[in-house]
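In: Structural data only, the sequence is not supplied:
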């Protein structure tokens with residue numbers, strides 16, 4: 001027998017077993033390593049071992065990337081059911097080796113590596129947090145926390161600047177949509193200028209179009225390429241004050257309809273300067289927000305004493321206008337010209353003289369938010 005340390009190829013489906021270990025006197029221990037990452041080799045002390053014997057259980061499997069230490073007192077033979085030759089490495093004097101996770105260029109040699117509790121049979125049933133990396137190439141991470149870095153998919157890129165979606169393979173002038181979480185544009189890795197906020201883009205050009213919405217404004221940008229936007233046109237701008245006011249006045253009904261500004265009543269006991277409801281009709285002061293960003297006040301009030309420029313009630317945000325506003329309202333005989341005025345401090349005032357015990361009523365709408373000059 002030549003030197004003990006060697007490589008031996010086990011040919012597939014041969015009629016004769018291949019000898020891999022020879023008994024020696026004195027015996028010399030050897031380490032037998034299956035260097036193949038995919039195929040099993042089967043060992044036997046008999047040279048009559050055949051592939052057909054695998055199913056009988058009379059052969060000992062040496063799994064991919066596996067090894068076994070033998071004492072050198074007996075001959076051993078090998079067969080394989082693989083369709084290509086399998087290389088066995090023999091090391092004289094070897095006893096054991098670490099079964100590596102990877103071998104042969106970094107390929108995973110075992111079916112999977114995973115955290116405790118990860119369900120290899122049904123990965124999606126695994127608990128959070130857990131993880132698993134499979135030999136098939138699939139990887140699962142549940143409860144993953146990332147800091148920085150870039151994710152690249154077949155048609156998307158996610159990095160610290162934003163999220164970019166493409167019309168096919170990412171590249172120049174095929175940016176399809178983006179999300180940039182700040183007021184400034186950002187360049188993607190290909191030089192395309194992604195517009196602020198949520199944006200979609202045309203990929204057929206020039207000209208190229210970018211449709212984007214940020215901070216309540218919807219705008220359209222036009223460019224000679226997706227890297228050069230030459231002009232931007234704002235289609236509409238929603239006032240943050242208007243949005244805030246509407247949200248505070250919105251009632252969501254179970255049927256899916258949205259009702260803006262359901263009526264709210266000022267309790268008669270909270271009216272000021274002796275004002276109260278007459279006991280019928282509107283009987284006091286009610287109010288609501290409108291879809292036009294207004295406060296609508298409907299009132300029917302009376303006072304037992306003569307009133308001159310006195311406050312009826314005081315409103316709070318978001319029912320306060322940015323400028324004082326007033327409307328002429330009708331009153332009973334004995335009253336002069338009366339204006340129902342809503343001021344920037346929230347006071348609702350009957351401006352003018354109202355005779356004692358004379359009923360006065362009206363329905364007025366006051367603009368909220370910034371008014372044009």
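Out: Sure, I can see it. Keep in mind it's a predicted model, so treat the numbers as computed, not measured.
In: only C-alpha atoms for contact and neighbour calcs from this point on.
Out: Noted.
In: And the pLDDT at the spatially most central residue of the chain?
Out: With distances taken as C-alpha atoms, centre = their mean, residue 163 lies nearest the centre of the chain, 10.0 Å away. Per-residue pLDDT puts residue 163 at 95.
In: That one touches residue 176, doesn't it?
Out: No: Residue 163 is beyond contact range of residue 176, at 11.0 Å (criterion: C-alpha atoms under 8 Å).
In: ok, residue 348 - contacts?
Out: With contact taken as C-alpha atoms under 8 Å, 6 or more residues apart in numbering, residue 348 is in contact with 311-315, 340-342.
In: Would you mind pointing out the helix or strand the residue nearest to the centre of the chain falls in?
Out: For residue 163, the element it lies in under DSSP states H and E is strand 162-166.
In: and the following helix or strand past that strand, what's its mean pLDDT?
Out: For strand 162-166, the following helix or strand on the C-terminal side (DSSP H and E) is strand 175-180. Computed over strand 175-180, the mean pLDDT rounds to 96.
In: how far out from the middle of the chain is strand 175-180?
Out: The chain centre lies 14 Å from the centre of strand 175-180; the measure is C-alpha atoms, centre = their mean, to the nearest Å.
In: which helices and strands sit right next to it?
Out: If contacts are counted by 3 or more C-alpha pairs under 8 Å, 6 or more residues apart in numbering; DSSP states H and E, strand 175-180 sits against strand 162-166, strand 193-194, strand 197-201.
In: Go through those strands and name the closest to residue 220.
Out: For the helices and strands packed on strand 175-180, proximity to residue 220 was assessed by C-alpha to C-alpha; strand 197-201 is nearest, at 9.5 Å.
In: can you give me how far the helix or strand just after that closest one is from the chain middle?
Out: Downstream of strand 197-201, the first helix or strand assigned by DSSP H and E is strand 208-214. Taking C-alpha atoms, centre = their mean, the mean C-alpha location of strand 208-214 is offset from the chain mean by 21 Å.
In: so what secondary structure elements neighbour strand 208-214?
Out: strand 197-201, strand 217-225.
In: picking that back up, ok and the strand holding residue 163 relative to strand 175-180, angle-wise?
Out: 170 degrees (axes from the mean of the first three to the mean of the last three C-alpha atoms, to 10 degrees).
In: Taking strand 197-201 as reference, get the angle to strand 162-166.
Out: Using the same axes, to 10 degrees: strand 162-166 against strand 197-201 is 10 degrees.
In: Pairing partners for strand 162-166, with directions?
Out: strand 156-159 (antiparallel), strand 175-180 (antiparallel) (DSSP bridges).
In: List the buried residues of the shortest one.
Out: Under the neighbour-count criterion of 16 or more other C-alpha atoms under 10 Å, strand 156-159 has 156-158 buried.
In: still on that earlier bit, residue 167 is nearest to which of the strands paired with strand 162-166?
Out: strand 175-180 (5.5 Å).
In: Go ahead and name everything in contact with that closest one.
Out: Residues from elsewhere that reach strand 175-180 (C-alpha under 8 Å, 6+ apart): 161-167, 186, 192, 194-203, 226.
In: what's in contact with the next helix or strand after it?
Out: Once the chain leaves strand 175-180, the next helix or strand it forms, by DSSP H and E, is strand 186-187. Strand 186-187 has contacts (C-alpha under 8 Å, 6+ apart) with 161-162, 180, 193-196.
In: In contact with the residue nearest to the centre of the chain, which residues?
Out: Taking C-alpha under 8 Å, 6+ apart as the criterion, residue 163 is in contact with 156-157, 178-180.
In: where do the strands sit along the stretch 1-150 of the chain?
Out: For the stretch 1-150 of the chain, applying DSSP state E, counting those that start in this stretch gives strands covering 6-10, 18-21, 30-34, 41-44, 60-62, 67-70, 76-79, 86-92, 102-103, 107-108, 112-114, 130-134, 139-142.
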